[in-house]
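Engineer: here you go, sequence then predicted model.
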Amino acid sequence: MRYHSLIGLSLFVAVGSGCSTLSSDPQPTTKEEPGLVQENAIPSSPSHPSSYSDYSKTSGNWAPPASNYSPPTSSASMGSDSSPTIRPGQCWVHSQIKPRKVESAVEITIKDSTAKISVTPAEIRQGYRQVVTREGTKTYRIEPATYKSVSERVQVRPEMTRFVVVPAVYETQQKTVVVEEAKTVLEACQTAGTRYAKNTGASGYCAREIPAKEKTVNVQALVQPETTRVDFEPALYKEVTRWVVDQPARAVEVSLAPSVADVPVQEVVRPEQTRQTLLPAITQELNVTRFEGSSQMVSRQAVCNADITPELIHRVQQSLIEHGYQPGRPDGLLGERTVSALADYQTENGLAVGALTFETLDHLGIRY
């Protein structure tokens, strides 16, 4: 036998026959696990007490006894002053109201718009142009001078007067030369009785003449003194050939034509152009999920397992499909797809999630 867990089911409390009694330590009376709902949970006997025991086959609506159902309140919580009265035969769940998930599409710009500039290159044409490489002008050509030869007698030395010295004339002669003249000298002698005057200190002297000394020498006697005479030298001449200007140099005017060359050139036929194109921004749509409200734990009256019939599940499936949810094929079985669709519906509408509550049936428009 298959069982499916209801999403977010925290506590299932049943009061009355067929459900667990409310106590500090609740003990299940059946072998069903808390929070699990049997798919084909059909009452074992018509006498089983149920909130949906009165089912009208003619009308197709559930009609629970008025004494077994209390209208749900958003602030209902077990043990508070505002809690509804719990009556025998009711089943309650302590469940969570989840924040409502709101999905929206957000467009973000992943690349800003910009201006793209495209450049069209210039159109160039190849050609040739004549360029004057040297301008024409007038110049002058120098014609050199012409020369002719002329013979000419040139004086290389003028007439000159020279003085010639005539040397003196000498004659050799002998000449006697007194080399020492005659002189008189006194010589000691005995005279005038001095011979006997030895003790008187007197002495006698006799005078004697010494003759002169002569010497014969050869001498050059001047016969004719030195004189000068005047000699005349004639001028000297030399025959030379010299070149004289026959026709002087002259300037002749010359016209020079300009020099021209063909130079390859590039001519711009169409100048370079720019074009600006606006590129739109690139955007991307993202699905953004946000949550409204906050999580809170509440107590809600739920349909007991014995009262969950295929007919009820079929109606819940049909209502979920009408509200845009996908519980799968309406087969009256409380399967995973039906439970998931029911939990999504409860989350989206701010209802307690995880159990088939009377609050959810009322919201789905299912009469009970």
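Structural biologist: Structure's in. What do you need? Everything numeric in this text was worked out from a predicted model, so none of it was measured.
Engineer: tell me where the model's unsure across the stretch 51-200 of the chain.
Structural biologist: Within the stretch 51-200 of the chain, the segments meeting pLDDT under 70 span 51-83, 190-200.
Engineer: try 90 this time
Structural biologist: 51-90, 94, 97-116, 118-120, 122-141, 143, 145, 147-166, 168-200 (pLDDT under 90).
Engineer: check which helices and strands the helix or strand encompassing residue 339 sits against.
Structural biologist: Secondary structure assignment for residue 339, by DSSP states H and E: helix 336-348. Applying 3 or more CB pairs under 8 Å, 6 or more residues apart in numbering; DSSP states H and E, one finds that helix 336-348 makes contact with strand 3-5, strand 100-111, helix 310-322, strand 352-353, helix 358-364. Every residue, glycine included, has its C-beta placed from N, CA and C.
Engineer: mind listing what's buried along it?
Structural biologist: Residues 337, 338, 339, 340, 341, 342, 343, 344, 345, 346, 347 are the ones in helix 336-348 that count as buried (16 or more other CB atoms under 10 Å).
Engineer: between helix 310-322 and it, find me the angle.
Structural biologist: Interaxial angle, helix 336-348 versus helix 310-322 (axes from the mean of the first three to the mean of the last three CA atoms, to 10 degrees): 60 degrees.
Engineer: tell me the contacts of residue 286?
Structural biologist: Residues near residue 286 by CB atoms under 8 Å, 6 or more residues apart in numbering: 105, 106, 107, 108.
Engineer: please redo it, this time with the cut-off set to 10 Å
Structural biologist: When the contact criterion is CB atoms under 10 Å, 6 or more residues apart in numbering, the partners of residue 286 are 104, 105, 106, 107, 108, 110.
Engineer: which residues does it bridge with?
Structural biologist: residue 106 (DSSP bridges).
Engineer: how far away is it from residue 111?
Structural biologist: Shown here: residue 286 relative to residue 111, a distance of 15 Å by CB to CB, to the nearest Å.
Engineer: for residue 186, which of the helices and strands packed on helix 336-348 is the nearest?
Structural biologist: strand 100-111 (165.9 Å; CB to CB).
Engineer: just how off-centre is stretch 249-266 within its chain?
Structural biologist: Here the centre of mass of C-alpha atoms in stretch 249-266, compared against the chain's by CA atoms, centre = their mean, to the nearest Å, lies 54 Å away.
Engineer: let me see the residues that make contact with it.
Structural biologist: Outside stretch 249-266, the residues that touch it by CB under 10 Å, 6+ apart are 122, 124-146.
Engineer: return the subset of the residues you listed lying in helices.
Structural biologist: Within the contacts of stretch 249-266, no residue falls in helices by DSSP state H.
Engineer: number of nearby residues for residue 96?
Structural biologist: Residue 96 has 18 neighbouring residues, counting by other CB atoms under 10 Å.
Engineer: what of residue 333?
Structural biologist: Neighbour count of residue 333, defined by other CB under 10 Å: 18.
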